[in-house]
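Chemist: Only the shape, not the letters, is given here:
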């Protein structure tokens, strides 16, 4: 009702409504709440993805031979550095993804695409997790079928 006839993105209603009523305090609080939520999501997802990336890809396939059993302190430093570089790389890749894909579409369409991808992968995941007769080849063939 407030923005009827105007071209307003619904994703911004929470900050536009206090601005419409000239309530600066609520507008600032809404902005700070969104900013803190955004920053915490970026930090948590970057740390989590960097740990997964280092534990499952970089260390097993690239650096496993460089670790020495008798030098635990150096191994810890190497793992920490790998995770720091992977955090940096993930943030750069995420920014590039945002710049070239997200700016052209709205947030709800990106969420819908993510939901469709998860729905497509769910049967193969559930069969591998709960099923006893599932195989890797069967899951790949099932995903490639239309």
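Modeler: Yep, that arrived. If you're wondering where the values come from, they're calculated on a predicted model, not measured in any experiment.
Chemist: Quick one: list the elements packing against the host helix or strand of residue 51.
Modeler: Residue 51 is part of helix 24-53, with elements assigned from DSSP states H and E. Where contact means 3 or more Cβ pairs under 8 Å, 6 or more residues apart in numbering; DSSP states H and E, helix 24-53 is packed against helix 13-20, helix 72-97. The way it works is simple: take the backbone N, C-alpha and C, and place the C-beta from them, glycine included.
Chemist: With mean pLDDT and mean neighbour count added, can I get those in CSV?
Modeler: Below are the helices and strands packed on helix 24-53 laid out as CSV (pLDDT from 0 to 100; neighbours: other Cβ atoms under 10 Å):
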stretch, mean pLDDT, mean neighbour count
helix 13-20, 89, 15
helix 72-97, 88, 14
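Chemist: Quick one: closest of the ones you listed to residue 65.
Modeler: For residue 65, the closest of the helices and strands packed on helix 24-53 is helix 72-97, at 11.8 Å, according to Cβ to Cβ.
Chemist: what's that closest one packed up against?
Modeler: With contacts taken as 3+ Cβ pairs under 8 Å, 6+ apart, helix 72-97 sits against helix 24-53.
Chemist: Give me the buried positions along the helix it packs on.
Modeler: By neighbour count with 16 or more other Cβ atoms under 10 Å, helix 24-53 contains the buried residues 27, 30, 46, 49-50, 53.
Chemist: next one: stretch 138-146
Modeler: Buried-residue list, stretch 138-146, by 16+ other Cβ under 10 Å: residue 139.
Chemist: ok, and what's touching that stretch?
Modeler: When contacts are defined by Cβ atoms under 8 Å, 6 or more residues apart in numbering, stretch 138-146 is touched by residues 120-121, 123-124, 127-128.
Chemist: average model confidence for it?
Modeler: Average pLDDT, stretch 138-146: 72.
Chemist: May I see the helices and strands packed on helix 24-53 organised as CSV, with distance to residue 141 added?
Modeler: Converted to CSV, these look like this (distance: least, Cβ to Cβ, whole Å):
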stretch, distance to residue 141
helix 13-20, 45
helix 72-97, 29
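Chemist: which one among the contacts of stretch 138-146 gets closest to residue 88?
Modeler: Of all those, the one with the least separation from residue 88 (Cβ to Cβ) is residue 121, at 27.9 Å.
Chemist: From residue 129, how far out is that closest one?
Modeler: According to Cβ to Cβ, to the nearest Å, residue 121 and residue 129 sit 12 Å apart.
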